[in-house]
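This is the structure alone, sequence omitted:
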């Protein structure tokens, strides 16, 4: 556990909100590579694009800066970047359709492995996830999921992974995306529980949810997960999370006991 900011109250947590993909679930591992391939190919065709290396780095930076947002917002951003470089973009909805189709090909294969019993839920969970959810339950903490992935997918996949019973609510994206952002979901949960400073902790691997939680007095626990190796820190994620205001950075939930001791002021 890397402590970035210790200036927050400990021992007060009543509610925990989790992002889903990359924070708990690994079923969408590889999504960023699929998005990068799509967006880079589109930007490379614009009249005023940068050199290849600069453009590749730029796309990665934008992906991780916007990670955690509903995917449609990422597609809106990329369409804007195409226009800036003199290109004529497709609609954000069309980019979303293309990206989703490519991603779901991979996800469906993994879901099939789970349903057939070839894979176990633990194969597709961030290490230590279940132990952390159990520990939070033991502390009387109410848990929620707030995801940028479609809500029906989140609910179905959480059930498949065996973690659905830990959550009082599971929220994801909708076609009416403006009224279902993470900012809105977090705000509704804060209002419902009457949360004060330090009573909410947000676990997420995206800058968006960390910034949104910090804005309402929450604790930002950044998951700089390396989804490919499932070990160690993803440095690009870490940088984006720190810039978003994360208080602590962890690679996964393997050191659950240390994390709980710190958050609940038992050191």
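Received the coordinates, thanks. As the structure is a prediction and not an experimental result, all values here were calculated from the model. Numbers count the residues shown, from 1 in each chain.

Average pLDDT for the longest strand anywhere in the chain, rounded please.
Secondary structure of the chain per DSSP state E: the longest strand is strand 142-150. The average pLDDT for strand 142-150 rounds to 94.

Not counting whichever helix or strand comes after that strand itself, show me its contacts.
Moving toward the C-terminus from strand 142-150, the next helix or strand (DSSP states H and E) is helix 151-160. The contact list for helix 151-160, computed with Cβ atoms under 8 Å, 6 or more residues apart in numbering, reads 20, 24-25, 27, 107, 111, 114-115, 121, 145, 147, 164, 167, 170-174, 180. (C-beta placed from N, C-alpha, C; glycine too.)

Please report how far the residue lying farthest from the centre of the chain lies from residue 87.
Centroid-distance maximum for the chain: residue 47 at 33.2 Å, with Cα atoms, centre = their mean. From residue 47 over to residue 87 the distance is 7 Å, taken as Cβ to Cβ, to the nearest Å.

and if you look at residue 163?
Distance check for residue 163 against residue 87: by Cβ to Cβ, it reads 42 Å.

what's the answer for residue 151, then?
For residue 151, the distance to residue 87 - Cβ to Cβ - is 32 Å.

Low-confidence regions, the stretch 151-267 of the chain specifically.
267 (pLDDT under 70).

elements contacting the longest strand of the chain?
strand 15-18, helix 129-138, helix 151-160, strand 169-173, helix 182-193 (3 or more Cβ pairs under 8 Å, 6 or more residues apart in numbering; DSSP states H and E).

if you compare those, which one is most tucked away?
For these, the largest average neighbour count (mean count of other Cβ atoms under 10 Å) is found in strand 15-18, namely a mean of 25.

Neighbour count for residue 163 and residue 87, which is higher?
Remark: of residue 163 and residue 87, residue 163 carries more neighbours, 22 against 17, as counted by other Cβ atoms under 10 Å.

wait, isn't that one in contact with residue 133?
Yes: assessed by Cβ atoms under 8 Å, residue 163 is found in contact with residue 133 at 6.3 Å.

just checking, residue 12 is part of a helix?
No: counting by DSSP: H, G, I helix; E, B strand; the rest coil, residue 12 is located in no helix; its state is coil.

I'd like to know how many residues surround it.
17.

Contacts only, for it.
Here residue 12 is in contact with 196-199 (Cβ under 8 Å, 6+ apart).

if I pick the residue farthest from the centre of the chain, what's in contact with it?
Here residue 47 is in contact with 85-87 (Cβ under 8 Å, 6+ apart).

try 6 Å this time
residue 86 (Cβ atoms under 6 Å, 6 or more residues apart in numbering).

Okay, and it sits in which element?
Applying DSSP H and E, one finds residue 47 in no helix or strand.

Need the per-residue pLDDT for it.
96.

before we move on, the earlier item: and which of the contacts of residue 12 is nearest residue 13?
Within the contacts of residue 12, the smallest distance to residue 13 is 6.2 Å, found for residue 199 (Cβ to Cβ).

what separates that closest one from residue 213, distance-wise?
11 Å.

got it, and residue 75?
In terms of Cβ to Cβ, residue 75 sits 24 Å off from residue 213.

Same question for residue 252.
Counting by Cβ to Cβ - residue 252 and residue 213 are separated by 19 Å.

Can you give the distance from stretch 94-107 to the centre of its chain?
For stretch 94-107, the separation from the chain centroid amounts to 17 Å (computed by Cα atoms, centre = their mean, to the nearest Å).

Buried residues of it, list them for me.
For stretch 94-107, the neighbour count (16 or more other Cβ atoms under 10 Å) marks 95-96, 99-100, 103, 107 as buried.

Mind putting those into JSON lines with pLDDT and secondary structure?
What follows is these, written out as JSON lines (pLDDT from 0 to 100; DSSP: H, G, I helix; E, B strand; the rest coil):
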{"residue": "95", "pLDDT": "96", "secondary structure": "helix"}
{"residue": "96", "pLDDT": "93", "secondary structure": "helix"}
{"residue": "99", "pLDDT": "96", "secondary structure": "helix"}
{"residue": "100", "pLDDT": "94", "secondary structure": "helix"}
{"residue": "103", "pLDDT": "95", "secondary structure": "helix"}
{"residue": "107", "pLDDT": "96", "secondary structure": "helix"}
